[in-house]
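Colleague: What follows is a predicted structure for the sequence shown.
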Amino acid sequence: MKIFRLVVEATSLRERGDGARWAGAYVFSMLPAALFAASMSSWVVPPAAAHARLVESVPAEGAVLATPPATLVFRFDGAVEPALTRVVLHGPTDVVLPPLRGDDPRRVVVTAPTGRPGDWWVTWRVVSRDGHPVTGELRFVVR
């Protein structure tokens, strides 16, 4: 109610033609509203949380290998939720590769099936600790 009373007072000064006092009263009456709006903006807009990004994979994207890899390793710049991780090896039949338990929440390791020579295509989906899904793919060749 105080703010409303200040705005009414400033408006009456304006109508009486007291310009200097009106301007000061108007600015002063808007100050609480401006402070309130500024304080609410920090509550409404949370700080941006970074999504996990793939930093490294072993084998690397586009690698040419002499033998099939025993494991596939994906390293991210932030922690990911292991229970929500999905890695799929695509081929004649798609094979879901369950992640192995590890002590680093930024790494996903899966056992690669004993493979055949040729082109390999792996897709992955992880969920960052901030709750956002991140997807990607890895392609490499086994000679």
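Modeller: Nice, I can see it. Numbering: from 1, shown residues only.
Colleague: Surely Thr85 touches Thr123?
Modeller: No - with contact defined as Cβ atoms under 8 Å, Thr85 does not count as touching Thr123 (11.9 Å). For glycine as for every other residue, the C-beta is placed from the backbone atoms N, C-alpha and C.
Colleague: got a pLDDT number for Gln101?
Modeller: Gln isn't right for residue 101; it's Arg. We have a pLDDT of 89 for Arg101.
Colleague: residue contacts, the nearest residue to it once chain neighbours are set aside?
Modeller: Of all residues not flanking Arg101 in the chain, Pro82 sits nearest, at 7.5 Å (Cβ to Cβ, 6 or more residues apart in numbering). Applying Cβ atoms under 8 Å, 6 or more residues apart in numbering, we find Pro82 in contact with Pro99, Arg101, Gly102, Pro105, Val108.
Colleague: Tell me which entries of these lie within helices.
Modeller: Assignment to helices by DSSP state H places none of the contacts of Pro82 there.
Colleague: Which one (most neighbours) among those?
Modeller: Among the contacts of Pro82, the one with the most neighbours (other Cβ atoms under 10 Å) is Val108, at 25 neighbours.
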